[in-house]
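Participant: Sharing a model prediction with you, sequence too.
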Amino acid sequence: MLNVLQPVIWSHSSLGIVTAVLYLVFKFLLFPAPEMYPIVEESINLIYVQGIIMPLIFIVRFRQDRKRRKAM
């Protein structure tokens, strides 16, 4: 059962880490002005990317699993 949730966990954690790093880079290095924070927060929101990547991960994992079962 947990193997089904593995792509969700990996994509959610990796996109969360990437977003946090991008936010810190933008906040401290590129946009030190406080009035720019909302623009930075909206520009690095990667939840839409997760909605595109998740089905692709499921398709790839399904095809790999089907190929592995067919080889048995």
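Facilitator: Thanks, I have the structure now.
Participant: And for Val18, the neighbour number?
Facilitator: The local packing of Val18 (other C-beta atoms under 10 Å) involves 13 other residues. In this view, the C-beta of every residue, glycine as well, is placed from N, C-alpha and C.
Participant: Buried residues in whichever helix or strand it is part of, which are they?
Facilitator: When elements are defined using DSSP states H and E, Val18 is found to belong to helix 2-25. Within helix 2-25, the residues scored as buried using 16 or more other C-beta atoms under 10 Å are Pro7, Ser11, Leu15, Thr19, Tyr23.
Participant: how close does Leu30 get to Val18?
Facilitator: Using C-beta to C-beta, to the nearest Å, one gets 16 Å for the distance from Leu30 to Val18.
Participant: What is the subsequent helix or strand relative to the helix holding Val18?
Facilitator: Next along from helix 2-25, by DSSP H and E: helix 37-43.
Participant: contact partners of that following helix?
Facilitator: Contact with helix 37-43 is made by Tyr23, Phe26, Lys27, Leu30, Phe31, as judged by C-beta atoms under 8 Å, 6 or more residues apart in numbering.
Participant: Next one: Phe31, what pLDDT does it get?
Facilitator: With respect to pLDDT, Phe31 scores 69.
Participant: From Ile47, how far off is Lys70?
Facilitator: Relative to Ile47, and taking C-beta to C-beta, Lys70 is found at 35 Å.
Participant: Pick out whichever of the two has more residues nearby.
Facilitator: Summary of the neighbour comparison: Lys70 and Ile47, criterion other C-beta under 10 Å, with Ile47 having more neighbours (10 against 7).
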